[in-house]
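Enquirer: Below are the sequence and a predicted model for it; my questions follow.
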Amino acid sequence: MFNFEKNILHRDALILVIDKPAGVAVHRGMGSGPNLDKTLKELAFGLPNPPQLAHRLDAGTSGCLILGRHRVALKHLGHLFTTNQIKKTYWAIVVNCPEQDEGIINLPLAKQSADKRSWWMKVDPDGQEAITEYRVLSRGDFGMTLVELSPITGRTHQLRVHCQAMGFSILGDAIYGVRDRLDPPYLHLHARAVTIPYHQKKPAIHVVAPLPTHIIETCIEYNIAYE
């Protein structure tokens, strides 16, 4: 079991932000591996109930994960997410260089299947609006590129599908990526930073998660500048 207490990036009376490792699911039932549900009780820090997730990250995605420490905080965080007031910034290593150094991906998304249990998504002109801003941070060897992704909307698998549709799949993506010998065991998608305007009369909470080892190692291997 992972010790998430050492991975806390921000803690106050209302909010926790933790650095979720790649390969850890946020809920039980999402595969047979480790999950966050087993650890939430350890993050109560004296409150009668454990914190609850304010949003989700895919099991393969590392980085900033926001939790509300009680019901009122969780409700307010939900409002901030619904109204797109929380800014999320991701870093990813993609296979193939984007043609432009920056741009906006505006492609609607829908489920690939009518099965309610299916999470796989596809680009669909009749789907829900999905918008992502991207910016190239560093170009490395063999087309490997470090990009910054800023989702304006929050659709399931939005960043992964948008990158795949634009021709630069995220390295290690077993669902939407390039399935060849380059695919490593971990998805190279990292929730790098979050900005939470929780209090109207106080500065926004800004949290940055350090890059995980597997992304740093890939950057070194393919001569990608990451600092």
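Expert: Nice, thanks for sending it over.

Enquirer: Where does the closest residue to residue 103 other than its chain neighbours fall, secondary structure wise?
Expert: Counting by CB to CB, 6 or more residues apart in numbering, residue 134 is the residue found nearest to residue 103 once chain neighbours are left out, at 6.0 Å. Any C-beta I mention is one placed from the backbone N, CA and C, and that applies to glycine too. Counting by DSSP states H and E, the element that carries residue 134 is strand 131-139.

Enquirer: Contacts only, for residue 127.
Expert: Listed by CB atoms under 8 Å, 6 or more residues apart in numbering, the contact set of residue 127 reads 108-110.

Enquirer: returning to that earlier point: list the buried residues for the next helix or strand after the strand holding residue 134?
Expert: Going down the chain from strand 131-139, the next helix or strand is strand 144-151, by DSSP H and E. Neighbour counts over strand 144-151 (16 or more other CB atoms under 10 Å) mark 144-151 as buried.

Enquirer: And those, which is closest to residue 56?
Expert: Of all the buried residues of strand 144-151, residue 56 sits closest to residue 151, with 12.7 Å by CB to CB.

Enquirer: pLDDT at that closest one, what is it?
Expert: We note a pLDDT of 97 for residue 151 in this prediction.

Enquirer: which stretches of the chain form strands?
Expert: Assigned by DSSP state E, the chain shows strands spanning 8-11, 15-20, 52-53, 62-68, 87-95, 102-106, 109-111, 121-123, 131-139, 144-151, 189-196, 205-208.

Enquirer: In CSV: the buried residues of strand 144-151, plus distance to residue 168.
Expert: Converted to CSV, these look like this (distance: CB to CB, whole Å):
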residue, distance to residue 168
144, 10
145, 7
146, 11
147, 8
148, 13
149, 11
150, 16
151, 16
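
Enquirer: Nearest residue to the spatially most central residue of the chain in space, please, no chain neighbours.
Expert: Nearest to the mean C-alpha position of the chain, by CA atoms, centre = their mean, lies residue 191 at 4.2 Å. Among residues not flanking residue 191 along the chain, residue 63 sits closest, at 3.1 Å (CB to CB, 6+ apart).

Enquirer: Please report how far the residue nearest to residue 103 lies from residue 80.
Expert: Distance, residue 134 to residue 80, using CB to CB, to the nearest Å: 23 Å.

Enquirer: before we move on, what about residue 156?
Expert: In this view, residue 156 and residue 80 are 19 Å apart by CB to CB.

Enquirer: No further queries at this time; thank you.
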